[in-house]
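Trainee: Got a sequence here, can you model it:
(chains A and B)
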Amino acid sequence: MATLTLTDTDRFLINQEGQDFSHEAKTFIKIRELALKNLKNLDFPTPKMEAWKYTNLRGVAKQEFRPQSAINVVGSRLKSHLIPNLDAYVLVFVNGFFAPELSKVKEDKDGDFIVTNLNKAKSSFIKLVEPHLGFLTRDKDQFFANLNAAFSQDGAFVYVKAGKQLDKPVHVINLIDGDLVVAYPRNLIIAEQNAEANIIVSHETLDTAVALNNTVNEVFVGEGAHVHIDKIQNENTNTYHIGGDYAEQAKDSTFTINTIPVNGKLIRNNVNILLDGEGCTANLNGAVCLNGDIHVDNQTYVDHAKPNCESHELYKCVVNDSASSIFNGKIFVNKIAQKTNAFQSNANILLSDNAKAYSKPQLEIYADDVKCSHGCTIGQFDEEALFYLRARGIREATAKKVLLDAFIGEVLDNIKIEAVRTHVDGLIAKNFDSKK
Amino acid sequence: MLKIKGLKAEINGKGILKGLDLEVKPGEVHAIMGPNGSGKSTLASVLSGREEYEVTGGTVDFEGKDLLDLKPEDRAGEGVFLAFQYPVEIPGVSNINFIKTAVNEVREYKGQPVLETKEFVKLLKDKQTLVGLSGKLANRSVNEGFSGGEKKRNEIFQMAMLNPKLGILDETDSGLDIDALRVVANGVNELKSKENAFVVITHYQRLLDYIVPDFVHVLYDGKIVKTGTKELALELEEKGYDWIIDALKK
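Mentor: Numbers count the residues shown, from 1 in each chain, chains lettered A, B, ... in the order given. Okay, the predicted model is just below:
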């Protein structure tokens, strides 16, 4: 008698069944079906795979995560998840589902821009969604991108017309509530030619339960357009977060993504940028301040597909306690991408004996007229600087904080909106202070 | 104010200070001279609390407190200031925030209230003028990209802001042109009072043309082997150290 053995993938997928997407347009159902088909051929990621060498997802595979529709989040509970003094369009998602009563949308078809939830856009603005949704996440071998594509409940939809800009930033708030919830927020951002958009995506949890957040940002930056994203990951210490940020840039466009993991159990970010026109600029920054036993794995891939583009990548990590930080960044320069300027830097400070940092900067260059550099450092506090500050009467704890702020400040200076910067400074300071 | 008795210190097991005695009273300026490797900078390092140096004997009493027992920041709080021979560059920390933090931490140590912004700005302006430090440098990162002269000026500026009881200048004159030297010396002279004291560690006599010492000590092989007045410095400039060393050997 043959025994049927279920793989981790099978077991995981069984728990995802039961969501009904049949109301969606055929074109979108197709995306889900294709993703599901891909998934069925994929092994659940394990450290045996090069891309997951330092990040073990056993904790995800062995637990029964299920989508769970949102319990009502009342406005008063939302307040603590807003960013003080930030004037923005706020879109709130709980467990991946849209919370319209807590959100402020802008759905004027004839206006300069649209800010709404993706499900609404799929029905009301299908002509805008269809040529974009899923195009950057079609890789057959990406487990979590496919997982999100197959099961995503909803997400933000931001569309800015050619030559227009958002009159204020969009703040997408993703909350998780409940035990063993898996959420699949998926944001679609489209900036047409010369348009501008500034978006803050924050991830938080409402309690301390175990959760899985599998997110995707899919971003289309049109010719000459500017898109700026600040991604703040501040979830409870039992939450797994696996995020993918996919951007495609047209000629002369600028895209910036600032990734700021603050709290969680395990965070994995895959940032993928395709420079698909000449004269593009991509900025990828990471401010990684970790304590406790959090595990954060940042993977970046910048694809210089066309000539005359530049990319600037700066990831700085401060690792305390028994936390781990992984940085794996790759710059790929296509044969035709002459005059590429690509810079990548990863600096790590280890604050304790048990803290870990792994760094793998990679360049793969096929063009011959390029300027590329990469580098990484792993070290401790600059003892000379520390002594200098102390010799001026600054207590050791304060001196360390001053040095850390300076170290990480170089990355945080890339946050454009002051209210967001202040908020992030506060989150990092809180983390650092609570460790005394 | 400062009483050093039989001070012995070593680094990596190698003895550098071998029983040094020195007493500094308020209102005095002491110059410490000596050939390379005699222990001048080690003395400055030990007094400011550098952890690489291990004190193996002797005592250092500062205003009734055991200085060697205090952390570097507490020594600063008590009023000891070391002007570094090689001021450290600290990228990302603005000079103004740095000095503001330092001033307020020292005030807190002394149990004084934090300075209001207005008072701080006034103090800042006064002291910048005193040492001729450009306001532009205030907003730059600490010592980053400063010229040699600017770095030393910045040291004296910090000293002026913190107003210590005891200022130790560790070869502040090294690498300075005569104009910068004059500005630095002028800053020290302006700060000099009956209540405070300075220990000026130097290789050359020329600084002492501008900062006139009450005592000149010769440090050799970890001990003070000769003490005199400012005339001794002139003699050293002229004849070098060999005659003193030779006299010792006899």
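Trainee: So which bits of chain B are right by chain A?
Mentor: B:48-51, B:71-73, B:75-77, B:82, B:84, B:87-88, B:90-93, B:97-99, B:101-102, B:105-106, B:109, B:141-142, B:158, B:162 (CB under 8 Å from any CB of the partner chain). Glycine gets a C-beta too; all of them are placed from N, C-alpha and C.
Trainee: What subset of those is buried?
Mentor: Buried residues within those, counting neighbours by 16 or more other CB atoms under 10 Å in any protein chain shown: B:48-50, B:72-73, B:75-77, B:82, B:84, B:87-88, B:90-93, B:97-99, B:101-102, B:105-106, B:109, B:141-142, B:158, B:162.
Trainee: Looking at those, which are in helices?
Mentor: Counting by DSSP state H, these place B:48, B:72-73, B:75-77, B:97-99, B:101-102, B:105-106, B:109, B:158, B:162 in helices.
Trainee: Buried residues in the helix or strand hosting B:E231, which are they?
Mentor: Using DSSP states H and E, B:E231 sits within helix B:230-239. Within helix B:230-239, the residues that count as buried by 16+ other CB under 10 Å are B:230, B:232-233, B:235-236.
Trainee: Now flag whichever of these is closest to chain A.
Mentor: The closest of the buried residues of helix B:230-239 to chain A turns out to be B:A233 (CB to the nearest CB; 27.1 Å).
Trainee: The closest one and A:C372: what is the separation?
Mentor: Plainly put, B:A233 is 57 Å away from A:C372 if you go by CB to CB, to the nearest Å.
Trainee: and the residue of the stretch 151-300 of chain A nearest chain B?
Mentor: Residue nearest to chain B within the stretch 151-300 of chain A: A:A287 (12.8 Å; CB to the nearest CB).
Trainee: For that residue, what are phi and psi?
Mentor: phi -110, psi 110 (degrees, to the nearest 10).
Trainee: Tell me how many other residues crowd the nearest residue to it once chain neighbours are set aside.
Mentor: Distance criterion CB to CB, 6 or more residues apart in numbering or on different chains; nearest residue to A:A287, sequence neighbours excluded, is A:V411 at 4.1 Å. For A:V411, the neighbour count with other CB atoms under 10 Å in any protein chain shown is 21.
Trainee: Which neighbouring elements make contact with whatever helix or strand A:V411 lives in?
Mentor: Using DSSP H and E, A:V411 sits in helix A:396-412. In this structure, helix A:396-412 makes packing contacts with strand A:254-263, strand A:281-290, strand A:310-319, strand A:341-350, helix A:383-391, helix A:418-433, strand B:90-94, helix B:95-109, judged by 3 or more CB pairs under 8 Å, 6 or more residues apart in numbering or on different chains; DSSP states H and E.
Trainee: For that helix, buried residues please.
Mentor: Neighbour-count burial for helix A:396-412 flags A:398-412 (criterion: 16+ other CB under 10 Å).
Trainee: so how far is the helix holding B:E231 off the chain centroid?
Mentor: Remark: helix B:230-239 is offset 21 Å from the chain centroid, using CA atoms, centre = their mean, to the nearest Å.
Trainee: which ones are touching residue 40?
Mentor: Answering for chain A, as no chain was given. A:9, A:13 (CB atoms under 8 Å, 6 or more residues apart in numbering or on different chains).
Trainee: The intended chain is chain B.
Mentor: If you count contacts by CB under 8 Å, 6+ apart, B:K40 has them with B:32-34, B:170-171, B:201, B:219.
Trainee: From these, pick the one nearest chain A.
Mentor: B:D170 (11.0 Å).
Trainee: what sits opposite the closest one in the beta ladder?
Mentor: Beta bridges link B:D170 to B:I201, judged by DSSP bridges.
Trainee: Compute the number of surrounding residues for it.
Mentor: B:D170 has 23 neighbouring residues, counting by other CB under 10 Å.
Trainee: Pretty sure it sits against B:A83.
Mentor: Yes: using CB atoms under 8 Å, B:D170 is in contact with B:A83, at 6.2 Å.
Trainee: and chain A, which residues reach chain B?
Mentor: So chain A meets chain B at A:382, A:384-385, A:387-396, A:398-399, A:402-403, A:405-407, A:409-410 (CB under 8 Å from any CB).
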